[in-house]
Every structure is written in C-alpha cells, then in structure tokens.
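J.: Need the 3D shape of this:
(3 chains)
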Amino acid sequence: MNCSIREEHLDDYVDGMLTEPQRAETERHLESCETCRLTVEFLRGLQATADAMPREIKPSRDLWADLEARISPTRVMQVDFRGRGPLALLGVRSVRGQWVALAAAALVLVVASSGITAYFMGNPELDPGAGLPGLSGVGEPVASTMEEFRPAEIGYAKAIDDLLQTLDDRREALDPETLTVIEANLRVIDAAIRRARAAIEEYPGESELALVLADNYRKKLEFLQRANLLIERS
Amino acid sequence: MRKISLALILGLALGGGLVTMDATDAATPGARQSVDETRHASRHADIEVYNVAGSVRVIGWDRAEVQVTGTLGRGTEGLEFDSDEDDVYIEVEVPSGGRRGEQQFDQVYGSDLEIRVPERANVEIDSLSASVEVIGVDGEITITTVRGGVIVDGSPRELNVNTGSGDLAIEAGAGTREIELISGSGSVELNAEGSEVSVETVGGDITVVGLGLLDTSLGSTAGSIHFTGDLVGTNDYDFESFHGGITVILPADVSAVIDASSFAGGIQNDFGFEPRSSERGKVGKRLDFEVGGGEADVFIKTFSGSIEIRKS
Amino acid sequence: MPSSRDGGVISATFQGLRRMQMNDLVRAAQRGDTAAFEQLYRDNIGRVYALCLRMTADPGRAEELSQDAFLRAWSKLSSYRGDAAFSTWLHRLAVNVVLADRRSQGKRWAKLVMTDDMAPFGNGESSSAAEGSALEMDLEQAIASLPDGARTVFVLHAIEGYQHDEIAEMTGTAVGTSKAQLHRARRLLREVLER
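T.: Numbering: from 1, shown residues only, chains lettered A, B, ... in the order given. I've put the predicted structure just below:
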C-alpha cells in the first residue's frame, strides 16, 4: 500500500470508531485513493456477509442423549476411573502433569449433586427461594423420615460403594501419607452422616434434616471422587 | 521476518526439552542437581508447573521472561522447561514406576523451585506434596497440591486452590475477582477485597476477613467458620458448617436480611433479635431478621455448632 | 410450561413471551428437571454449536465443546439469576468453555503450526454443516483457515457481536490485542477471499 493511511485506521473507520474530524479526513482521503477505497469496500462487504451468516448451525448428530447420560445421577456417579475418567468426561484433555486436577473433579461433583438431589427432592410448585444454600436450586425436601429418605440413601450408597471399591483397588498405588489424609477426612464426614441419620430418626418430621443428611452424603461423594481422581492421576 | 521468528520458536521448543541432567547424574545417590534457566515468554503467558514434592515458589516480576532456579530431588530425572512465548511448561520429571508408597518419598523426589514469571501471567501449579507459594502474580492462579500448604499474596485475577491436608494462607488484593478454595483437613485463612469468594473444607477451620466482598459462600463439615467483613448491595453471604461453630462479625450499620439456624446449638445475636424455635418443626433454633435496608442476604446454618452474630 | 401473565399481554412481543417461557424452563431446570433442561438444550444448541464450530473449525471438537458448555450450564444453573437473557448467559459460558479448553490443550504445538501462509485448512467438513449462500460458505471456510487467535476475535466480534473490551476480558488480553487480531483476521480473509 503506497498511501500514508494505515490499514488499522480503515478498520476503525468501517467500525465507526473514529472521531468526527478523523472520519471526515479519511473520507477526503478515500476520494483520491483507490487502494483504500477497495479496502473499505472489502471490509464493508465482509461485515455484510458476516452479518448474513446463519446464527444457528445444527450439529450433525443429536447430542442430547449423551448429554442426558452425563447429567443423570447414576451415570455420573458411576464414572469409570480406570477408563477415560472424569476429566475426559468433562472434555478436559489430559495434561502432561501426573498428579491431580481436583478442580475438574469438583466440577463433576456439582453435576452429580444437582442430579442426585433432584432425584429425591423437588416439588416444582414450591418456592425455590426456600431451598438451602449448598443444595441451591432445589425445592423443599419431600423426605422427613429415614424411611422416606431411603431411596435417596440407596442411590448415594451405591455411588459411594463404587468409589470406595475403586479406591480400595488402588490402595497400594497411593503413598501412605496421602492415604492417611483421605481416611482422616472420610472419618470426619462419616461421623457427620451418622449424626444426621440419628437426628432424623430421633426427630421425624424435621424436613430440613433430610437436606442436611443429603448434603453430608454429597460431601462424601465429592471427597471420594477427588480421592480417586488423585490416584488416577498419580 | 515471521519465518525467522517461527524457526526461533521451534528451536526453543524442541531444543528446550530436557535441559538439566543426564541419566548418570540422576542415578548418582544423594546428588541434588541445581537449576538456573531462563526463557523468554510473553507478559500474558500461560505457565504450567508440575513438581511432585518439595516446594514451588512463584514470584511475579516486570520482565517478559521466566526464570527457574533451585535444586532437583536426587530421585528425579531432570527438568523440562519449554517456552513458546505464550505457553510455558515446567515439569520436574520423575520415574514413571514405583514412586508411590516409597519411604522418604519427599526426600527422594522433593525439588525446590523458585520461578520468576511476568507479573500478569496465568499460573497453574500441580503437586502431590509440595508446598506452594505465589507472590505478586496478577493473572489467573490455579494450585493443586494434595498435602502441601499454600500461600498466595497478590491480586490474581482469579484464584483456585485445592488441597487435601495443606493449610491455606491467602492475601488477595482488590484486583481479584473470584476466589475458590477447597481443602480437606487444612485450615483456610483468607484476607480479600471486592471479589466473589467460595471456600469449602471437610475438617479445616475457615477464617475470612473481607472488605467489600461480593457473593460469598463458606462451608465446612466439621470446621468452624469465622467471618469478619462488610456486606455489599444485594449479594448473598452463605455460611454453613455441620459440626463447627459459626461467627459472623458485621458492621453495626449493615443492611441485610439475616437468616440463621442451628439444629442443636445456640444462637447469640448482637443485633437484638431473639432466636425462636424452628418454625417448620419443633426442634432447633432459628433467627430471621432484617437490619438496615435489608439489602444483602445472609444465610447461616449449622447442625450442631453454635452461632454468633456480632457487631464489629 | 404455560406462561399466562396478566396486563401487558397485548404488548407482549413474541420474544417477550419466549423469554418468559424460557425463564420458566430455567427455573424448572434449576430444580433438577431434566426435561426442562432438554428443552433449553433444543432451543439453544444451534447457537452454541455454531459458536463452537466457528471458534474451533473442527466439527468433532465443536460437538464435544457444545456438550461441555451445556454440562457446565447444568452445574452452574443455580448461579443464573436472570440478570441477562438465559441464551446470553449460556452463550457467554460457551465462549468461556471454548477458551478454557484451548488454554488447557496442547496449544503450544498448535501455535507452532500457525502461519500467515494460508494453506487450506482441514477437509472442508466444517462448511458442509453450515447452510447459506456461496459467499457465506466461502467466508465460513476462510474463517476456518484463520489462525486461532485471529479466528477467535473475528468470530466473537464480527459474527457474535461482542465488543473489543468484552473480548479482551474473556480472553485475558488487552483491548489492543483484540483489535490487532481483528485486523489480522480481516487482512488474511481478504487474501483468501480475493485469491
């Protein structure tokens, strides 16, 4: 380009980002410079074409089935740590580092928890504002006795068993100190679960206790997922 | 011009592979190899660091360079250090088999790295047991260490920390927008200003001093929660612990709706409203009141801990 | 979900109605209703996929990232407070998913092959999914051939309508970088399209 105007300047001109004097000056220049005129013409045509491009494109296959499987409680909780693992599940590519990616695991768990809480709770007519933080977005619990909570508990127990089994299979792959850390944390959570269960049995009708117990189960799941991932990556 | 720089980048990336030691050095018992390498990097570079054990100290500086100094553990196989301007990769390499469950793991593989990075770089650090310290870095910081403690001092744009048992001590300045901290048994101490905050622990105690924090969520299974700070607008402030006590210290002129409940513990309140029995059932204490204009939402919940709501 | 409201029914535009329905769907999904979430997915997948496809120029990758974006949306639904339209919120989240993926990938290597020589990119698969005039298809293909940084900014600015300051914030770069990448994208597109 032989003229003195920088192409970036023409970008700003076309995008309407010049001040009024700059714009007037550019227009004067355009009258005499064909190269710049062609550039402006191209830029305007380009934007017009871009504006006309479809905003929506359909993927070649329906992605919902996969997605549904990934947000439903059973599928998410039965993640096969020996296979692709939760990182891949999230589309997070394996990095070269060998240890942990707990943040990604925690993400999986948010998915798992919203799935499983929905599994036993949620009367859609109730005010969502009454839901408790930590189980946000969930309506009031329908369970207020252990009996009512049982189906949910079975769901949790299944998921926890799977994770414990996986953890146990790999026990010796883990360095002893890390194992100690995991076990100590599990004891804390288990104590909380026992306490919450006892409270539900003692005070049937206290509907909030079901949320408390569910929250403790969720935390146990969450912690086990992280622990397993840790071994997976180490 | 461009071709030349590409060739340069290629040269750097390919030639920058294993930089420090050969196999014979690695096999020498007791030898701790020292490192001192510098690579060019952009000021917004993404920097990944992997060091299985020992320590990692990252310090921001006003140069478009990354410098790694320190010593490598005698069981390690060297340092990989690549840079292609925007991406920098630093890894202490360890043998792939048999490093778990070994006695003196930390002594054999522990490497101490001090890394200087452009202050606006994004930094990601992963480790099994290394302690991690990041000072004066303004980009996004992500730290994962299973057993190591973590210290951060600066204004990272975003901060994510995950630990199993390490303690966290975080000082975040006004430039920080989002803080997410997860710990198992490690305690969390956080001073922050103006950011969104989320902290979750299993057993670790949580202490937060906040200035103008936005949406804030502090949660623990058995740890106590101690929050001191003002509240901003209509943000949500959630404090939940199953077993732990919760203390929330607010300015006397705070504007909030406060909802506090404890199933088995007591509630003390400086703002003058008395707790009542839980309305839904027969057990537990609940306190629900509005102060000032009632703008912010404060939610405090514990199962067996006690709750204190105090004026600062 | 029926959305019967009083008052401004007459003035309620179709869009307003859509938005109310969408908010009902969002609320149901926030409570864990997967059927509601499926509807949200069906209403929005076209836009999300278009974004992912154009930003990655890789149909397979775009499908994965679209799924990730919805997965992410599902897990973050409770943080959606209705300040912006759901589609806007989702769209922004999808942009972040794509950008985060790029950061976490072995992009170090991708950068090495980045070049101003406009070698034909891929096998043209990406354009077959899109529909439109020959001109638009040409542009679709030309965009796919751009280097990552330039393509990102062009797609976000020229097609998706984000401003430079928003792009700078999302990509963690300076406004000047965004402008420079846009300029570069336009220059490269011109080379390809006028060839």
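
J.: can you give me phi and psi for the residue in the stretch 1-150 of chain B that chain A sits nearest to?
T.: Proximity to chain A, evaluated over the stretch 1-150 of chain B using CB to the nearest CB, is greatest for residue B:50 at 3.8 Å. Where you see a C-beta, it was placed from the backbone N, CA and C, and this is true even at glycine. With angles defined as degrees, to the nearest 10, residue B:50 sits at phi -120, psi 120.

J.: burial measure for residue A:152, as a count.
T.: 22 (other CB atoms under 10 Å in any protein chain shown).

J.: Quickly note the distance from it to residue A:203.
T.: 18 Å (CB to CB, to the nearest Å).

J.: What of residue A:188?
T.: Remark: distance between residue A:188 and residue A:203 (CB to CB) = 23 Å.

J.: Neighbour count: the two, which is higher?
T.: Legend: neighbour count by other CB under 10 Å for residue A:188 and residue A:203, higher for residue A:188 (24 against 17).

J.: what sits against that one?
T.: Going by CB atoms under 8 Å, 6 or more residues apart in numbering or on different chains, residue A:188 touches B:185, B:202-203, B:221-222.

J.: If we use 7 Å, what do you get?
T.: Taking CB atoms under 7 Å, 6 or more residues apart in numbering or on different chains, we find residue A:188 in contact with B:202-203, B:221-222.

J.: Show me the residue at the heart of chain C, geometrically.
T.: For chain C, the residue nearest the mean C-alpha position is residue C:51 (2.7 Å; CA atoms, centre = their mean).

J.: what's around the closest residue to chain C within the stretch 1-150 of chain B, how many residues?
T.: Ranked by CB to the nearest CB, the top residue of the stretch 1-150 of chain B for proximity to chain C is residue B:87, at 4.3 Å. The tally of other residues near residue B:87 (other CB under 10 Å) stands at 22.

J.: in the strand or helix carrying residue C:90, what counts as buried?
T.: Using DSSP states H and E, residue C:90 sits within helix C:86-104. The neighbour-count check on helix C:86-104 (16 or more other CB atoms under 10 Å in any protein chain shown) flags C:86-87, C:89-91, C:93-95, C:97-99, C:101-104 as buried.

J.: Next, the buried residues of stretch C:26-42.
T.: C:26-34, C:36-41.

J.: Show me where chain C dips below the pLDDT cut-off.
T.: Scanning chain C with the threshold set as pLDDT under 70 gives C:1-22, C:103-134.

J.: cool, and the stretch 51-200 of chain B?
T.: Residues of the stretch 51-200 of chain B that meet the cut-off, pLDDT under 70, sit at B:96-104.

J.: in it, what residue is nearest chain A?
T.: Nearest to chain A in the stretch 51-200 of chain B, going by CB to the nearest CB, is residue B:162, at a distance of 3.7 Å.

J.: Confirm for me that that residue is in contact with residue B:144.
T.: Yes - assessed by CB atoms under 7 Å, residue B:162 is found in contact with residue B:144 at 4.6 Å.

J.: Look at residue B:233 and tell me its secondary structure.
T.: The three-state label given to residue B:233 by DSSP: H, G, I helix; E, B strand; the rest coil is coil.

J.: list the contacts for it?
T.: Residue B:233 makes contacts with B:295-296, as judged by CB under 7 Å, 6+ apart.

J.: Do you know the pLDDT at it?
T.: Residue B:233 is assigned 91 on the pLDDT scale.

J.: Could you pull out the helices in the chain for me?
T.: Assuming you mean chain A. Secondary structure of chain A by DSSP state H: the helices cover A:7-14, A:20-32, A:34-52, A:64-71, A:73-77, A:85-89, A:102-120, A:146-169, A:176-202, A:207-233.

J.: try again with chain C
T.: So, for chain C - with DSSP H - the helices run C:14-30, C:34-56, C:59-76, C:86-104, C:107-113, C:125-129, C:134-144, C:148-154, C:164-171, C:175-193.

J.: Chain A: which of those is closest?
T.: Here helix C:34-56 is closest among the helices of chain C (CB to the nearest CB), at 2.9 Å.

J.: so that closest one versus helix C:86-104, what angle?
T.: Between the axes of helix C:34-56 and helix C:86-104, defined by axes from the mean of the first three to the mean of the last three CA atoms, to 10 degrees, the angle is 50 degrees.

J.: so what does helix C:34-56 touch, helix or strand wise?
T.: Here helix C:34-56 touches helix A:64-71, helix C:14-30, helix C:59-76, helix C:86-104, going by 3 or more CB pairs under 7 Å, 6 or more residues apart in numbering or on different chains; DSSP states H and E.

J.: Go ahead and confirm residue C:93 touches residue C:71.
T.: No - assessed by CB under 7 Å, residue C:93 is found out of contact with residue C:71, at 10.4 Å.

J.: sorry, back to before: so can I have CSV of the helices and strands packed on helix C:34-56 showing distance to residue A:21?
T.: CSV is the format used below for the helices and strands packed on helix C:34-56 (distance: least, CB to CB, whole Å):
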stretch, distance to residue A:21
helix A:64-71, 54
helix C:14-30, 40
helix C:59-76, 44
helix C:86-104, 36
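
J.: for those, which one sits closest to chain B?
T.: helix C:86-104 (5.8 Å).

J.: Against which helices or strands is that closest one packed?
T.: Using 3+ CB pairs under 7 Å, 6+ apart, helix C:86-104 sits against helix C:34-56, helix C:59-76, helix C:164-171.

J.: related to what we said a few turns ago, from the contacts of residue A:188, list just the buried residues.
T.: Buried among the contacts of residue A:188 by 16+ other CB under 10 Å: B:202-203, B:221-222.

J.: who touches residue B:173 in this structure?
T.: Residues near residue B:173 by CB under 7 Å, 6+ apart: B:154-155, B:193.

J.: show me which of the residues you listed neighbour chain A.
T.: Among those, none lies close to chain A by the criterion of CB under 7 Å from any CB of the partner chain.

J.: what's the closest of the residues you listed to chain C?
T.: Nearest to chain C among the contacts of residue B:173 is residue B:155, at 14.4 Å by CB to the nearest CB.

J.: how close does the closest residue to residue B:85 other than its chain neighbours sit to residue C:96?
T.: Among residues not flanking residue B:85 along the chain, residue B:42 sits closest, at 4.8 Å (CB to CB, 6 or more residues apart in numbering or on different chains). Distance check for residue B:42 against residue C:96: by CB to CB, it reads 21 Å.

J.: One more: residue B:85?
T.: Counting by CB to CB, the gap from residue B:85 to residue C:96 is 23 Å.

J.: Also residue C:151?
T.: Per CB to CB, residue C:151 is found 17 Å from residue C:96.

J.: what do you get for residue A:59?
T.: For residue A:59, the distance to residue C:96 - CB to CB - is 20 Å.

J.: try residue B:191
T.: Counting by CB to CB, the gap from residue B:191 to residue C:96 is 28 Å.

J.: same thing with residue C:51?
T.: Distance, residue C:51 to residue C:96, by CB to CB: 11 Å.

J.: ok, now which ones touch the nearest residue to residue C:138 once chain neighbours are set aside?
T.: Closest residue to residue C:138 apart from its sequence neighbours, by CB to CB, 6+ apart: residue C:193 at 6.2 Å. Residue C:193 makes contact with C:138-139, C:142, according to CB under 7 Å, 6+ apart.
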